[in-house]
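Asks: Need a 3D model of the following:
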Amino acid sequence: MIIPVFLLQLLFSVVGGIQKEVPASPAPLEISHLTGDLYVYTTYQTYQDQRVPSNSMYLVTDQGVVLVDVPWDTGQIEPLLDSISTRHQKKVVMSISTHWHEDRTSGLNILREKGIRTYSTQKTYELSLKNKKELAQFQFHSDTTFTIGQYQLETYYGGEGHTTDNIVVYFKKDQVLFGGCAVKDIEATDLGNIQDANLDQWPLTIRNFQNRFSELRYVIPGHGTGHSPEALVHMLNLLDQHP
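Replies: You can find the predicted model right below:
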């Protein structure tokens, strides 16, 4: 039997469509080495019907591991702690939350139950309490430098932006700035969730980051991909373009 050419083309089109690879869903927990003893870990949640990545970090020291922010998906806390223990043979000893939203505070109660010291600014504590989010066990009232093992990390409040309480964390030895949700990734085309943002103050806050941390190798955004220090310039452009 001779099959007409148009039917063959249709058949190949259908088969090709069936065989076309469907993008794989992201792993629920992704851990990548950044530099030195610093790692970025990413978990996912659904926001406005989209699967959104949330970036956090951890630092491996002689005295244990420090988390900067928590998994947005609290179901990934145990896998994260297990992965850290297996990879580094160390326990997590403390965490720092960079603002009050749940992608930075969910799971603090779990960490506390495990004997992990949890920290936030006093302002973040108050906003978490007001908005019925989980609370850090310990609070600091101003920019603070923590010394853990052989490392120091610096918290800095540059002003209001994504939220009124957002802070960043700086790792001087490696010239790494964890911008959290105060900084969008280099490929972002909008400002994301601005429900609690101060759009008038945000540009000044970004400039404060630039002035305070003039030499940066990496800037880690709270969401999205990429670690370029140009993210701060990109943020100013996004804010300038916002209506």
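
Asks: Now residue 69, what are its backbone angles?
Replies: Note on residue 69: its backbone torsions stand at phi 70, psi 170 [degrees, to the nearest 10].

Asks: need the contact list for it.
Replies: Residues near residue 69 by Cβ atoms under 8 Å, 6 or more residues apart in numbering: 54-57, 95-98, 103-104, 178, 180, 222. Just so you know, the C-beta spots here come from the backbone N, C-alpha and C atoms, and that holds for glycine as well.

Asks: Of those, keep whichever come out buried.
Replies: Buried members of the contacts of residue 69, scored by 16 or more other Cβ atoms under 10 Å, are 54-57, 95-98, 103-104, 178, 180, 222.

Asks: partner residues bridging the residue nearest the centre of the chain?
Replies: The chain has residue 55 as the residue nearest its centroid, 2.6 Å off, counting by Cα atoms, centre = their mean. Beta-bridge partners of residue 55, counted by DSSP bridges, are residue 42.

Asks: Now do stretch 218-232: distance from first to last residue.
Replies: 11 Å (Cα to Cα, to the nearest Å).

Asks: Could you pull up the mean pLDDT of it?
Replies: Across stretch 218-232, pLDDT averages out at 96.

Asks: Go ahead and name everything in contact with it.
Replies: 34-35, 40, 52-55, 57, 69, 98, 103-104, 162, 174-188, 192, 206, 209-210, 216-217.

Asks: switch to 6 Å and redo it
Replies: 53-55, 176-181, 183-186, 188, 206, 209-210, 216 (Cβ atoms under 6 Å, 6 or more residues apart in numbering).

Asks: for it, which positions count as buried?
Replies: Buried, per 16+ other Cβ under 10 Å, within stretch 218-232: 218-224, 226-229, 231-232.

Asks: quick one, helices of this protein?
Replies: In the chain, the segments counted as helices under DSSP state H are 5-19, 77-88, 102-105, 108-113, 122-130, 202-212, 231-241.

Asks: Contacts for the shortest one next, please.
Replies: With Cβ under 6 Å, 6+ apart as the test, helix 102-105 has contacts from 54, 69, 72, 97, 98, 128, 133, 134.

Asks: pLDDT at the fifth one, what is it?
Replies: Looking at residue 98, its pLDDT reads 98.
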